[in-house]
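Undergrad: Model the following, please.
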Amino acid sequence: MAPPPRPPVRTGAPTGRCGFALACVSAVLALTTLAPRALGALGADRGGNRVEYRIQARLEDPEKRLTGSLDVRFENRTDAAARDAWFHLYLNAFSNTRSTHLVESKGSLRGNAVMDEWGWQRITSVRVGERELLGTLRFRQPDDANADDRSVFSVDLPEAIEPGGSVELHVEWESRLPRVRRRTGYKDDFILAAQWFPKLGVFEGERGWNCHQFHAVTEFYSDYGTYDVVLDLPEKYAGKVFGSGVVESSETKDGRVRTTIAAPSRADRERVDHTGNRAVVHDFTWTADPRYVVHRETFRVGEWLARFPEEVDRVRKALRKEPDTGLRDVDVTVLIHPERAEQAHRHFEATSAALFFYGLWWGGYPYEHVTCVDPAHGAGAGGMEYPTLFTAGTQLFTTPDMHSPEGVTIHECGHQFWYGLVGNNEFESAWLDEGFNTFTTSETLVHAFGLRRGTTQYSELFVDGVTYTPAPGGGAWGDALSARTVPVLEWHPIRSSGLLDRWRDQPALTFASQWDDPRWGDRTRFLSDPDRDAMDTHAWLYADSLGYRVNAYNKPATMLRSLPAAISAEWPGTDGWDVFLRGLRGYSEAYRFRHPTPDDFFAGFNAAAGVDVSWYFAQVAREAGSIDWRVSVDQRKEAAARGVMIEAEGEPRELARSAADVPWVAEVLVASRGEYELPVVVRLTFEDGAREDVVWTRAEQSKCAWLRLVRKGSRKLVSAVVDPERGYALDLDRSNNAWYDAVDEVAPARWFERAAARFAHVLHWQAGIGG
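TA: Numbers count the residues shown, from 1 in each chain. The predicted model follows:
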């Protein structure tokens, strides 16, 4: 099938220089529109529809058949009438290889071809009152016209839902859970039921229903509300059934266990948080496994405030108010499997770190409880977020300084803030939660657990340290010389294994210790595909899965990390981090329990920060571009004056000058490569210690892609550095940002020596193996 025409991105903007200018004008107009009402007023006008779900479901084992019914009350808070209702049927993405999800993933999920154990969902009744609507059911394909996709359906309503009105729909369904491969389904007795019930899309007024198909890379989008759920499972699951919110009761009878769960909890629904809102959620997920080891602890705010007083003071200074507003103690439940039970407290510590730092920076977690799930080994259910419940992931034989499971646990718990509390459309603007969460994950890891220790894995065991360089061989030349390009000659007498690799590498003798900053990891992954796609693009329309990964996760994290440097350069003397923190905190609180678009973020950040950085977002978020600054210096003594000087009157005079009077002349050439025009500081340092900071402005860069600075005098220039604080993580190549008069010739030689020793060691080993 030919790819469908690329639909317009609703929040998109023209690209190129003209596009940049138009986007800036658009963003400024948006900011102007927002400015007359205070940010507090913006936060008070919550908007958004509300839903109330009451769900009952029964699981039959071992078939993993799930039958259920739900009543959903939908309140239309838009300015247009709704004449139909659209629902997601996410489980049908796993029903056959012709679904859009499996077509886009080429029939595989997480690297495994899907051959059996399909999942599906079938609607048996849709009613409004006594009116049966099943006869009006139509499957919809709003994104790709794939007539075989069954992940979205609609029904016609007997009466339009006018603005301010509401309707209650009753839906009955039958389904089969799939073998869990992409975060929903079962493996043996383990169950993760995510996106398991027919779920309403989001009605957006004149734009109609926002109800996208389930694509290979997309996640979710739904309205906020409340969920009251009753689950009927076989008795073997007694005491081991959990879900979003809190378990209210569990009753065992006639070989079955009946569990009642409320999300949010009754208490949370009545509690008003520091932003003036009562808690709501926008999804419900449940899990069950007889093998769960249940570990409970409580996150206590006071203990964490005492552990990190310097960060608390820094945030207090930036926000100009007490930063712990909204923070609360939270009960944490860790569901873990017996073979990894000793890691339960580490999951709790990582969850607590996320609750503390995310809450300190972006506003407190408003719910009384959160559940961390360690999925069954091999289930493919790890690393996913749902309201007040998330799945983590780990390995055996790890330590906290390896950031495993700490990294995944912090990231998925962090989604309780970016996605859970600020509910952007993950189909259309995945970067608004994934990118913001990736940024905060790395910041939290550094603050709570420090740098990550580098290790090398052999089979299932970890060894401290890493190699200085990869082993020689491979690549096109290596394959050609070894005749691997001729299939008949390809032969592998010795297969690679952890034991052989460790014998070859001799880590105790040849490895180097390594400590990584996870924030650099974000940048490294961004550099793998920095400029093919505009970041602000619908998730399924990037060039490929790499484009999605970079633009949803790593580029937005890098954009946020670079923003303080851009602010400081644009307004010299300004603390860019303080302004950045105020802007992002203000946006987060203003859009709590709402559905912000990218334009909402741009305008909301500007309003809260008190600066207009529309020019920054217009380029970095909406242009497929990049930036690479570089500097070079030509420094010399000025040529001694020789010859004769002709004056207007009198005889020509001979020029003469002592060598001591000849000044130094330094010509500094700073150049940029790429489409972005961002203000940057150039720092010149002289031999007497004096420093001079020059800002290369956006206006100057728009006129010319290079800047020449000439300095003449008795002082010698000893260094010229672009972005001296190393704040621009967006810079593609930082190795060309600095020039030094003194050259270190020892370090390169030492690194070459180590690489050569590694090559020699491996070649000797291979020669010995080969005879």
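Undergrad: Provide the secondary structure category for Leu55.
TA: I think there's a mix-up here, since residue 55 is Ile and not Leu. Of the three states, Ile55 takes strand according to DSSP: H, G, I helix; E, B strand; the rest coil.
Undergrad: Might one say that it is in contact with Thr226?
TA: No. Between Ile55 and Thr226 there is no contact, the gap being 11.2 Å when judged by Cβ atoms under 8 Å. C-betas here are computed from N, CA, C, even on glycine.
Undergrad: Assumed Asp522 was part of a strand.
TA: No. Assigned with three-state DSSP, Asp522 falls outside any strand and is helix.
Undergrad: nearest residue to it other than its sequence neighbours?
TA: Spatial nearest neighbour of Asp522, chain neighbours left out: Ala557 (4.5 Å); criterion: Cβ to Cβ, 6 or more residues apart in numbering.
Undergrad: List the residues that contact the closest residue in space to Trp286 that isn't next to it in sequence.
TA: Spatial nearest neighbour of Trp286, chain neighbours left out: Gly243 (3.5 Å); criterion: Cβ to Cβ, 6+ apart. Contacts for Gly243 (Cβ atoms under 8 Å, 6 or more residues apart in numbering) come out as Val229, Leu231, Thr259, Ile261, Ala263, Phe284, Thr285, Trp286, Thr287, Thr371, Leu389.
Undergrad: Out of the residues you listed, which comes closest to Ser222?
TA: Phe284 (9.9 Å; Cβ to Cβ).
Undergrad: quick one: low-confidence ranges for the protein?
TA: 1-47, 473-496, 656-660, 770-771 (pLDDT under 70).
Undergrad: secondary structure element for the residue nearest to Asp522?
TA: If you go by DSSP states H and E, Ala557 is part of helix 555-570.
Undergrad: before we move on, what about Gly547?
TA: Here Gly547 is assigned to helix 545-549, by DSSP H and E.
Undergrad: What is that helix packed up against?
TA: Judged by 3 or more Cβ pairs under 8 Å, 6 or more residues apart in numbering; DSSP states H and E, helix 545-549 is in contact with no other helix or strand.
Undergrad: ok, and for it, which residues are buried?
TA: Gly547, Tyr548, Arg549 (16 or more other Cβ atoms under 10 Å).
Undergrad: Stretch 461-470 too?
TA: Phe462, Gly465, Val466, Thr467, Tyr468.
Undergrad: So for that stretch, first residue to last residue, what's the gap.
TA: Criterion Cα to Cα, to the nearest Å; first-to-last residue distance in stretch 461-470 is 20 Å.
Undergrad: Need the contact partners of it.
TA: 397-398, 402, 453-457, 498, 502, 505, 507, 510-514, 751, 754-755, 757-759.
Undergrad: Can you give the distance from it to the centre of its chain?
TA: Chain-centre distance of stretch 461-470: 27 Å, with Cα atoms, centre = their mean, to the nearest Å.
Undergrad: And stretch 627-641, by the same measure?
TA: That offset, for stretch 627-641, works out to 41 Å (Cα atoms, centre = their mean).
Undergrad: CA atoms only for that stretch - export them in PDB, please.
TA: What follows is stretch 627-641, C-alpha atoms only, in PDB (Å, rounded to 0.1, in the frame of the first residue of the first chain):
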ATOM      1  CA  ILE A 627      23.500  24.300  15.000                       C
ATOM      2  CA  ASP A 628      27.300  23.800  15.200                       C
ATOM      3  CA  TRP A 629      29.500  26.600  16.300                       C
ATOM      4  CA  ARG A 630      33.300  26.500  15.800                       C
ATOM      5  CA  VAL A 631      36.200  28.800  16.500                       C
ATOM      6  CA  SER A 632      39.600  29.400  15.100                       C
ATOM      7  CA  VAL A 633      42.300  31.900  16.000                       C
ATOM      8  CA  ASP A 634      45.200  33.400  14.000                       C
ATOM      9  CA  GLN A 635      47.500  35.100  16.600                       C
ATOM     10  CA  ARG A 636      50.800  36.700  15.800                       C
ATOM     11  CA  LYS A 637      53.100  39.600  16.600                       C
ATOM     12  CA  GLU A 638      52.300  42.600  14.400                       C
ATOM     13  CA  ALA A 639      54.800  42.900  11.700                       C
ATOM     14  CA  ALA A 640      57.600  45.400  12.600                       C
ATOM     15  CA  ALA A 641      57.200  48.700  10.700                       C
END
